[in-house]
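**Student:** Let me see the structure of the following:
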Amino acid sequence: MKPCLPLLCLFLFIGYFSHLPLSMAQTGSIHEPVRYIGGNSIDPDVHEGRLRYAVGVESRQTLRVNRTQPRLAGGFDWTYSHASNLAYWKGTFYQQYLSNPVDEHIAPGQTLLIRSKDGREWTDPEVLFPPYPAPEGVRIPKGYDGYMMHQRMGFYVSSKGKMLTLAFYGHSEDPFEEGGIGRVVREINEDGSLGPIYFIRYSSHTEWNERNTAFPFYQKSTDPAFVAACEELLNDTLVTLQWRDEDNGLDGFYTGDRGGSAFSYYTRKDGKTIGFWKRSMTAISSDGGETFSPSIKAPSLTMAGGKVWAQQTSDERYALVYNPIDIDEYRYPLITIHSDDGIIFDDMVLIQGEVPPRRFYGRWKDFGPCYVRGIVAGNGNPPGEDMWLTYSMNKEDMWVSRVPTPIRHAVTGPVSDDFNTLTPYGAIPDWNIYAPLWAPVNVIPSPSGEGRVLELRDEDPYDYARAIRVFEEGQEVRLEWEFTTASTGNGRLEMDVTDRYGNRPIRILLDEERNLSYLAGHEKILLGKVEPGEWQKLSLQVMATPYGHFSLSWNGEKIADHIPLTVAVKSIERLSFRTGPYRNLPGRKTPNEDPVPPLPGADTKVPLARFLIDNVTVTD
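**Tutor:** Predicted coordinates:
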């Protein structure tokens, strides 16, 4: 019998392509370890990217640099800060970061440490690893101009409970490979004191050793438990893969494909470890990180030179956190996508959508929340079910964000927030908080002595406090809230109702002269004067449609009906309180001066503006 021609063609087709990776069913394999299926992308023309918020994120500044009044920054006047790392150990958060006087990769450089019991109030910084003190007679090699620090990993907690902190010394302005010196380590003791500094590994591309470097080798320590912790770390192939950026390991210390820069990882429920690097690079390990598949660029992940953070969250899901923009100079917004299995990711939502003005110029100081990191597995679990993140803002100030899990972007049901059951200066459930050090947001006891209220303070000349309440998305919505000002003639409070994209169809303003006004379309309507300490109640009945409108009542009296929206929207879902004017893109141009001066008055507080919010309700 003659073979069936269609069947023969099918066999030939399968045989021809059998040696090639099939395009179908690749996701989850070495050909595409992860895939984002949400379809959302960001609009780079606005800070928030036109994305929805991850509900309840609390973002607080932990360091505000100050060049002319260093006492306000813990005694330090250097204004380049970057590469933050975070750990939680023995009831304390530890955050370390790099610091240079002005510019990235320009000597001198040091690593600083700050601490917190609750993630909200932080200590002043202290020197963790000082500028490199070269031994007498050791000269800077030709082609370099000083010593700096570089960082991809900050902490390690050993199986015996030893807390190590680490950093890397190199030569400015290229600390990699031949420019490297080595990685240093010291112990953080249970009482918070710091042990001596040692080298734990020298660059394999050079001849540096304990005879010609500033600190002894770790094996010289007289503490056997410290030595054992260092050796446990050195034998942890997966954790030490974070070190590979500076020293590619000519001695074979690292195994598998290099992957890229700024390694992070998680282990899937099937036991496979997924590695992530800058610029969307990813790979799979089936042996716990001993080796990885050749790294590939994940086509559905858009990112540039900022770090990507990967972790399994406390709700047994997975999160990736990064800047979803392929422009190195702009690292905003900071978003997360999440997954049930560590393979298929969905729901791109905002973690940090703010980009304050960059107060100080410096080389390679990119705009936005940069180089995000979380707590590496094994480096502590803070109380609660939150994901904790740390990053620099504009490579200038340091921040942390607490992200509730499970991560969600929508709220259902009515809102009725009177704050009375909340702990003063504690978490504020379901509110998104943006709190610079000079513009904090907290729940405090009410000045009346009864109950509690939300307080927004502001003494920052270039930033603001902000609190956002996400509510159930809708078209016909009733909103009501009370507010008062304790300011006698400074500060402003902008109260916006927005849609899911950040558009502001309703804008109400209390200005610096305490005039209360609103926008009807694009016409500003003055309501009247607000006296300090007197509570005001605003009520809105909103019809959020493309040709929608709203009615406004002030202290129970209807002011106007059928007020046109400022912009056309399909629905609304957020109420925003902000102590400064709305801002869009970073817009500071470089003046023709050398050196470039800081923003005027950047280091000095302005007179305090203080606002209180209470009894926020939202219903259909």
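**Student:** Would you mind listing where the chain has pLDDT under the threshold?
**Tutor:** 1-25, 587-594 (pLDDT under 70).
**Student:** What segments of it are helices?
**Tutor:** 5-17, 224-234, 237-240 (DSSP state H).
**Student:** For the second one, name the packing helices and strands.
**Tutor:** Same thing as helix 224-234. Packing partners of helix 224-234 (3 or more Cβ pairs under 8 Å, 6 or more residues apart in numbering; DSSP states H and E): strand 163-171, strand 180-188, strand 198-202, helix 237-240. From N, CA and C alone the C-beta is placed, and that goes for glycine too.
**Student:** want to try CSV for the ones you listed, with mean neighbour count as columns?
**Tutor:** Listed next are those as CSV, based on neighbours: other Cβ atoms under 10 Å:
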stretch, mean neighbour count
strand 163-171, 25
strand 180-188, 24
strand 198-202, 22
helix 237-240, 19
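**Student:** Export these as TSV, with columns for distance to residue 292.
**Tutor:** Below are the helices and strands packed on helix 224-234 laid out as TSV (distance: least, Cβ to Cβ, whole Å):
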stretch	distance to residue 292
strand 163-171	22
strand 180-188	21
strand 198-202	20
helix 237-240	10
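**Student:** what's around the closest residue to residue 331 other than its chain neighbours, how many residues?
**Tutor:** Nearest non-adjacent residue to residue 331, counting by Cβ to Cβ, 6 or more residues apart in numbering: residue 368, 4.0 Å away. Around residue 368 there are 26 other residues, counting by other Cβ atoms under 10 Å.
**Student:** before we move on, what about the one 4 residues further on?
**Tutor:** With neighbours defined by other Cβ under 10 Å, the count for residue 372 comes to 27.
**Student:** Distance check, it against residue 246.
**Tutor:** 20 Å (Cβ to Cβ, to the nearest Å).
**Student:** repeat for residue 391
**Tutor:** In terms of Cβ to Cβ, residue 391 sits 20 Å off from residue 246.
**Student:** what does residue 499 give?
**Tutor:** Relative to residue 246, residue 499 is positioned 45 Å away (Cβ to Cβ).
**Student:** Who has more neighbours out of those two?
**Tutor:** Using other Cβ under 10 Å, the more surrounded residue of residue 499 and residue 246 is residue 246, with 23 against 20.
**Student:** Next up, the contacts around the more buried one.
**Tutor:** Listed by Cβ atoms under 8 Å, 6 or more residues apart in numbering, the contact set of residue 246 reads 150, 152, 168, 170, 175-177, 180, 183, 203.
**Student:** ok, of those residues, which one's closest to residue 256?
**Tutor:** Nearest to residue 256 among the contacts of residue 246, counting by Cβ to Cβ, is residue 152 at 16.7 Å.
**Student:** residues contacting that closest one?
**Tutor:** Neighbours of residue 152 in contact, by Cβ under 8 Å, 6+ apart: 83, 168, 242-243, 245-246, 261-263.
**Student:** Isn't residue 456 up against residue 441?
**Tutor:** Yes. Assessed by Cβ atoms under 8 Å, residue 456 is found in contact with residue 441 at 5.4 Å.
**Student:** what residues are up against residue 74?
**Tutor:** 63, 114, 123-126.
**Student:** out of those residues, which are inside strands?
**Tutor:** Secondary structure from DSSP state E places 63, 114, 126 of the contacts of residue 74 in strands.
**Student:** Can you turn the buried part of these into a ChimeraX selection?
**Tutor:** Typed into ChimeraX, the line below selects the buried ones among the ones in strands among the contacts of residue 74, using 16 or more other Cβ atoms under 10 Å:
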select :63,114
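**Student:** rewinding a little: what is in contact with residue 456 and residue 441 at once?
**Tutor:** Joint contacts of residue 456 and residue 441 (Cβ under 8 Å, 6+ apart) are 465-467.
**Student:** Turn those into CSV, columns for neighbour count and distance to residue 543.
**Tutor:** Output for those, formatted as CSV (neighbours: other Cβ atoms under 10 Å; distance: Cβ to Cβ, whole Å):
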residue, neighbour count, distance to residue 543
465, 27, 30
466, 23, 26
467, 23, 25
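**Student:** quick one: contacts for residue 306?
**Tutor:** 278, 322-323, 331, 366, 370-372.
**Student:** By neighbours, which of those residues wins?
**Tutor:** Top of those by neighbour count (other Cβ under 10 Å): residue 323, with 30 neighbours.
**Student:** quick one: it from residue 351, how far?
**Tutor:** As judged by Cβ to Cβ, residue 323 and residue 351 stand 10 Å apart.
**Student:** list the residues that contact both of those two?
**Tutor:** Common contacts of residue 323 and residue 351 (Cβ under 8 Å, 6+ apart): 333-335, 369.
**Student:** For these, work out which two are farthest apart.
**Tutor:** 335 and 369 (10.0 Å).
**Student:** shared neighbours of these two, anything?
**Tutor:** Common contact partners of residue 335 and residue 369 (Cβ under 8 Å, 6+ apart): 323, 351.
**Student:** Count the residues that sit near residue 67.
**Tutor:** Neighbours of residue 67 (other Cβ under 10 Å): 17.
**Student:** ok, it - contacts?
**Tutor:** By Cβ under 8 Å, 6+ apart, the residues touching residue 67 are 77, 79, 360, 598, 602-603.
**Student:** From those, list just the buried residues.
**Tutor:** The buried subset of the contacts of residue 67 - by 16+ other Cβ under 10 Å - is 79, 360, 598, 602-603.
**Student:** Please identify which of these is nearest to residue 313.
**Tutor:** Out of these, the member with the shortest distance to residue 313 (by Cβ to Cβ) is residue 79, at 34.0 Å.
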